[in-house]
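Colleague: Sequence first, predicted coordinates after that:
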Number of protein chains: 2
Amino acid sequence: MTQQRAEETRNNILDAAIRRFAISGYDAASVDDICSDAGVSKGAFYHHFPTKQAIFLALLDGWLRTIDAGLEGLRQPTVPETFVHMTRLLPVIFAAADDRLPMFLEFWTQASRDETVWQATIAPYRHYRDHFANLIRDGIAEGSLKQVDPDAAAQVVLSLAVGLFLQGVLDPGGADWQKIGEESMQIIMNGMAK
Amino acid sequence: MTQQRAEETRNNILDAAIRRFAISGYDAASVDDICSDAGVSKGAFYHHFPTKQAIFLALLDGWLRTIDAGLEGLRQPTVPETFVHMTRLLPVIFAAADDRLPMFLEFWTQASRDETVWQATIAPYRHYRDHFANLIRDGIAEGSLKQVDPDAAAQVVLSLAVGLFLQGVLDPGGADWQKIGEESMQIIMNGMAK
DNA sequence: ATAATAATACCGACCAGTCGGTATGTTTTA
DNA sequence: TAAAACATACCGACTGGTCGGTATTATTAT
């Protein structure tokens, strides 16, 4: 029960920051905004986070953990099935974190300009690519995929995922993204299947 | 020959704006920055553009015209070949407009928050999707593609393009994007080919 | 158990500087 | 000379971050 209040305050600040960044963007969202939204003073803010960027990185870190967790334990009988099954994550992601989605654009935008943010944002994608590449290697080994270049193929999957995600964020009503996602993956797996 | 000087000034402002937005982002790039970079006074700026957003939209408009122009006249003997050939645009886009690329992130970020920018940024993607869908319909008609849902398949292509582009912007050295692009499209076409 | 002490959490006024935009004046062009 | 093009000076609102000080909680001594 030590720092219960402190942790609550910290979470309030994080939640408010998500909201504000999503609405106004990183630059436009002022620390004062975040504080008043969180019902907390500026002093409290700078007690918990050294800079404005620090809270941004904290949010990013939380997101990556969420995705990592989602990618575990969805293995299916065959590798192509596993990939297709993966698209089931899409509606979950979209639904469970509706207001957070614009944050990703913030992550990417900041990453293109700030080396620190870049390291924290982009580097993990290479981790996902490796993950996919290993899956594809398994598929080749089990005979369900033909002998494609695993790294290139993994990149294809990753690009598609990123593209789907970005469009889903920007144009939620533009298509049935769950359906598109599943069909996309199906087509790609068709193209690589033996 | 009336407004020759005026047009030159206008172009200087536009060029400087591209540079500044790419470096610092829309919010952080100040009008003063743009003006001094363009070697022009603030009065001149507001003589040519009513607001800061107006110059942003002007840049966006120019970009969409460029892409539209690039998509013309690359028709190949068959539809799958046409799509694969399309990936040849990638290095051209990347090379010819290196410093402008981060601007796209700005476009997307702004679009997620501003209805006006959204209309100007996202709506055109539906236009591209229709373009792709028509191509796919042609492919089905000519017998090179099997009977996929044209709209869904077009969305796949578009998502892949967006994903490739975004990753290329964020991580230029992370992969050989030209190669990845070509192989991706190849895989997708394999998945849809008859 | 309780008082004393120390550490943490929090407050809000304040700073120096920046922002987009305007008002007004000067120069260039037709 | 009238209008268009450009320059300069300036405004009020707002920025991220600091700082002196105050509650609140945890630790230790008695």
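Modeller: Structure's in. What do you need?
Colleague: and the helix or strand hosting A:R19, anywhere near DNA strand D?
Modeller: In this structure, A:R19 is located in helix A:4-24 according to DSSP states H and E. Yes. On the criterion Cβ under 7 Å from any atom of the strand, helix A:4-24 is in touch with DNA strand D at A:4-5. Yep, even glycine has a C-beta here, placed from its N, CA and C like the rest.
Colleague: Report the buried residues of that helix.
Modeller: A:9-10, A:12-14, A:16-22, A:24 (16 or more other Cβ atoms under 10 Å in any protein chain shown).
Colleague: Report the angle between the following helix or strand past that helix and helix A:4-24.
Modeller: Using DSSP H and E, the helix or strand that follows helix A:4-24 in sequence is helix A:31-38. Relative orientation of helix A:31-38 and helix A:4-24, computed by axes from the mean of the first three to the mean of the last three Cα atoms, to 10 degrees: 120 degrees.
Colleague: Kindly spell out which helices and strands sit in contact with helix A:31-38.
Modeller: helix A:4-24, helix A:42-48 (3 or more Cβ pairs under 8 Å, 6 or more residues apart in numbering or on different chains; DSSP states H and E).
Colleague: that older thread, from the rest of the structure, what touches the helix holding A:R19?
Modeller: Contact partners of helix A:4-24, identified using Cβ atoms under 8 Å, 6 or more residues apart in numbering or on different chains, comprise A:29, A:33-35, A:37-40, A:44-45, A:48-49, A:55-56, A:58-59, A:62, A:99-103, A:106, B:113.
Colleague: Which members of the residues you listed are classed as buried?
Modeller: Using 16+ other Cβ under 10 Å as the threshold, A:29, A:33-35, A:37-38, A:40, A:44-45, A:48-49, A:55-56, A:59, A:100-103, A:106 are the buried ones among these.
Colleague: buried sites along the worst-scoring helix or strand of chain A on mean pLDDT?
Modeller: Within chain A, no helix or strand scores below helix A:89-96, which has a mean of 72 by mean pLDDT, DSSP states H and E. Buried residues in helix A:89-96, counted by 16+ other Cβ under 10 Å: A:89-90, A:93-94.
Colleague: Same question for stretch A:165-179.
Modeller: A:165-171, A:174-175, A:177-178.
Colleague: Quick check: which of those are also close to chain B?
Modeller: By Cβ under 8 Å from any Cβ of the partner chain, the members of the buried residues of stretch A:165-179 lying near chain B are A:166-167, A:169-171, A:174-175.
Colleague: And the residues you listed, which is closest to DNA strand C?
Modeller: A:L170 (23.5 Å; Cβ to the nearest atom of the strand).
Colleague: residues in contact with that closest one?
Modeller: B:108, B:111-112, B:118, B:121-122.
Colleague: quick one: pLDDT of it?
Modeller: At A:L170, the pLDDT value in this model is 83.
Colleague: Ramachandran angles for it?
Modeller: phi -80, psi -30 (degrees, to the nearest 10).
Colleague: now A:K146
Modeller: Torsion angles, degrees, to the nearest 10, at A:K146: phi -80, psi 170.
Colleague: Excluding sequence neighbours, find me the nearest residue to it.
Modeller: A:K194 (4.7 Å; Cβ to Cβ, 6 or more residues apart in numbering or on different chains).
Colleague: I'd like to know how many residues surround that neighbour.
Modeller: A:K194: 11 surrounding residues under other Cβ atoms under 10 Å in any protein chain shown.
Colleague: mind checking how far it is from DNA strand D?
Modeller: A:K194 sits 54 Å away from DNA strand D, going by Cβ to the nearest atom of the strand, to the nearest Å.
Colleague: Touching, that residue and A:G143? I think so.
Modeller: Yes. The pair A:K194 / A:G143 is scored as a contact, 6.4 Å apart, by Cβ atoms under 8 Å.
Colleague: Show the pLDDT at A:Q3.
Modeller: 61.
Colleague: tell me the SS of the residue in chain A that chain B sits nearest to?
Modeller: Residue of chain A nearest chain B, by Cβ to the nearest Cβ: A:G163 (2.8 Å). What DSSP: H, G, I helix; E, B strand; the rest coil gives for A:G163 is helix.
Colleague: Quick check: pLDDT value at it.
Modeller: pLDDT, A:G163: 90.
Colleague: what about A:Q147, which SS state?
Modeller: Under three-state DSSP, the three-state class of A:Q147 is coil.
Colleague: show me where pLDDT drops low in chain A?
Modeller: Flagging of chain A using pLDDT under 70 yields the residue ranges A:1-3, A:95-100.
Colleague: Now do the residue of chain A found nearest DNA strand C against A:I13, distance only.
Modeller: Relative to DNA strand C, the nearest point of chain A is A:G43 (1.9 Å; Cβ to the nearest atom of the strand). A:G43 sits 12 Å away from A:I13, going by Cβ to Cβ, to the nearest Å.
Colleague: Same question for A:L60.
Modeller: Distance from A:L60 to A:I13, by Cβ to Cβ: 15 Å.
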